[in-house]
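# the following comprises the amino acid sequence and a computationally predicted model.
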Amino acid sequence: MQEQITNIREEAVNNINAAINAKELEEVRVKYLGKKGELTAILRGMGALTPEERPIIGSKVNEVRDELEKMIKSREDEFAKIELDKKLNEEKIDITLPSTKVKRGSKHPLNRIIEEVEDLFVSMGYDVVTGPELETDEYCFERLNLPKGHPARDMQDSFYITSEYLLRTQTSAVQARTMMDNKEKTPIRVICPGKTYRRDDDATHSHQFSQVEGLVIDKGISLADLKGTLEVFVRKMLGENLELRFRPSYFPFTEPSYEVDVSCFKCGGKGCNLCKQTGWIEVLGSGMVHPNVLKMNGYDPDEYTGFAFGTGLDRLAMFKYGITDIRLLYQNDVRFLKQFDRLDR
Ligand code: DAH
């Protein structure tokens, strides 16, 4: 019996060493250690042995089984390692290969300007509000102190859809909407960026353009608040050391009204082609909200005052990035847009 065990052991060891892959190794394991394996058969047959033989044979079989299991395990590990190495080799990534270029989009210059303006005013406690681009005559004009037939309507050449509906010519329409929504609730501190439309088309005017409107209403708002706010706005957007000039003007929805000029950021005020030799560039319309506008939109002018301003975002973008034709902002020519890839500041 002992000799039989020794033979089985020897044969098994040879077979384990001869196995060339995990599958063959498994066959060897089953042949000797499986349920119907040769070594298992000896353990099963122990009942037929004499009580003296049993412990001797039993421990021998166990010893051989442990040894074989260890050997199989170690060969299994070897095969697993070979398999893994093979896989790693086959799936090797050549990190020296040049990668395929990922094309990145760039932010449109107008969106950059809008985001910058929004960030600035939000940091000063303003809300950003929007209104419809298809607007009613009522909100675009009438509630802004421009009744039908008012000569100032001629200042803006409008796209009427019907006699009551038009594409808004100014974001000032959102002023009236905001007041009507809030009705005596104060303070109102909003900016309204958005698209606007007029019947224009040349290098400095596009039929679709963008404006931002500002509106503040509260008790005790004065011209000083307007001046201070616009100074921060203009200097932040166009340059910290610029001078501002408030020139009396006329807008139907403000009284008094001002146009704001900024000292030419190209020539520093000496006179050049950008400022048409005047040293100044017009950047904003503004004023104190007209008492009629307050009254018409639900605010008692004896109790509340406010200021408003409006400016063309296209103009700001053109000044800031040296763009000479406004239409470039709307044609979406990639050659133009690509130039703004890395203008983050
Ligand atoms: N809406 C005016 C325009 O399109 C700009 C403007 C002027 C807006 C004065 C205002 C303002 O709010 O107070 O030309």
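On my side now, so go ahead.

# count the neighbours of whichever residue of the stretch 51-200 of the chain sits closest to the ligand for me.
Here the stretch 51-200 of the chain gets closest to the ligand at one residue, residue 170, 3.6 Å apart by CB to the nearest ligand atom. No exception for glycine: its C-beta is placed from N, CA and C like everyone else's. Residues contacting residue 170 under the criterion other CB atoms under 10 Å number 24.

# contacting residues around stretch 192-210?
110, 114, 117-118, 128-131, 133, 156-159, 167-171, 174-175, 178, 211-215, 312-314, 324-327, 329-330 (CB atoms under 8 Å, 6 or more residues apart in numbering).

# just the buried ones from those?
110, 114, 117, 129, 131, 156, 158, 167-171, 174-175, 178, 211-215, 312-314, 326-327, 329 (16 or more other CB atoms under 10 Å).

# tell me which of these fall in strands.
Among those, DSSP state E puts 167, 211-215, 312 in strands.

# quick one: mean pLDDT over stretch 312-321.
Averaged across stretch 312-321, pLDDT comes to 91.

# tell me which residues of it are tucked away?
312-320.

# wait, what's in contact with the closest residue to the ligand within the stretch 151-300 of the chain?
Per CB to the nearest ligand atom, residue 285 is where the stretch 151-300 of the chain lies closest to the ligand, at 2.6 Å. Neighbour list for residue 285: 249, 251, 257-260, 309-311 [criterion: CB under 8 Å, 6+ apart].

# and of the residues you listed, the nearest to residue 76?
Using CB to CB, residue 311 comes nearest to residue 76 of the contacts of residue 285, at 77.1 Å.

# right, and residue 60 touches residue 4 too?
No - if you go by CB atoms under 8 Å, residue 60 and residue 4 don't touch, sitting 10.3 Å apart.

# the two: which is more packed in?
Taking neighbours as other CB under 10 Å, residue 60 and residue 4 compare with residue 60 leading, 16 against 11.

# measure that one to residue 220 for me?
According to CB to CB, to the nearest Å, residue 60 and residue 220 sit 106 Å apart.

# closest to the ligand out of the buried residues of stretch 312-321?
residue 312 (7.7 Å).

# and that closest one, how close does it get to residue 117?
With CB to CB as the criterion, residue 312 and residue 117 are 12 Å apart.

# how far away is the residue of the stretch 151-300 of the chain closest to the ligand from residue 137?
Residue 285 is 21 Å from residue 137, by CB to CB.

# the host helix or strand of residue 23 - contacts with which helices or strands?
In this assignment (DSSP states H and E), residue 23 forms part of helix 22-33. Secondary-structure packing of helix 22-33 (3 or more CB pairs under 8 Å, 6 or more residues apart in numbering; DSSP states H and E): helix 2-18, helix 38-44, helix 53-90.
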